[in-house]
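Participant: The following comprises the amino acid sequence and a computationally predicted model.
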Amino acid sequence: MEIRERIEALLAEAFPEVKFEYTDFRGDLRVLFSKEHVIPVCKFLRDNEELAFSMCEDITAIDWARQPNRFSVVYHIYSLKNKYRLRLACDVEEHEAKIDTVTSVWKSANWYERETWDMYGINFEGHPDLRRMYMAEEFEYFPLRKEYPMIGIPGDQPLPKK
């Protein structure tokens, strides 16, 4: 049985109450599920001996500019044992742009979640040190959101003095 079929079977067995949507594009498997289950699903994928997704490579977001689920938080995880990369996705509403942190599952999630907070404004509930990385703390915008102009907003970020 292929790894993709094993992932689907094991997730269905472990989480019968969760609706998983699978998308495969050019060999890249994406699993979409409700954000309420992010921590147990991630722990399962990490701790299952057969799957062993021990590495979180990246966390980012997509701004779809649509309602009600404007954003998708995307997790890129990797199994060294199976040499297999998997994308997890959870939709997040604009009016409640938050999801639980997975720093308890993968320590590397710390920086990726901070970057996603800084650029998209998605709050990672329970994060140990959620603060901006690139933008100043007092900066009130999130540059990767669709409504932020590509040329920026004149005067929104003062230039450094020589």
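Facilitator: All right, it came through fine. Residues are numbered from 1 along each chain as shown.

Participant: show me where this structure has strands.
Facilitator: For the chain, the strands defined by DSSP state E occupy 21-25, 28-32, 55-63, 71-79, 84-92, 98-100, 123-125.

Participant: Among those strands, which comes closest to residue 4?
Facilitator: strand 28-32 (5.4 Å; C-beta to C-beta). Just so you know, the C-beta spots here come from the backbone N, C-alpha and C atoms, and that holds for glycine as well.

Participant: For that closest one, buried residues please.
Facilitator: 29, 31-32 (16 or more other C-beta atoms under 10 Å).

Participant: Distance check, residue 52 against residue 81.
Facilitator: Going from residue 52 to residue 81 by C-beta to C-beta, to the nearest Å gives 4 Å.

Participant: So between the two, which is more surrounded?
Facilitator: Neighbour count, other C-beta atoms under 10 Å: between residue 52 and residue 81, residue 52 has more, with 16 against 12.

Participant: and the gap between the more buried one and residue 10?
Facilitator: Taking C-beta to C-beta, one finds residue 52 at 12 Å from residue 10.

Participant: what would the strands of the chain look like in CSV with mean pLDDT and distance to residue 40?
Facilitator: Formatted as CSV, the strands of the chain follow (pLDDT from 0 to 100; distance: least, C-beta to C-beta, whole Å):
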stretch, mean pLDDT, distance to residue 40
strand 21-25, 95, 17
strand 28-32, 96, 14
strand 55-63, 98, 16
strand 71-79, 98, 14
strand 84-92, 97, 12
strand 98-100, 98, 10
strand 123-125, 98, 15
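
Participant: which stretch among those comes nearest residue 157?
Facilitator: With C-beta to C-beta as the criterion, residue 157 lies closest to strand 55-63 of the strands of the chain, at 19.8 Å.
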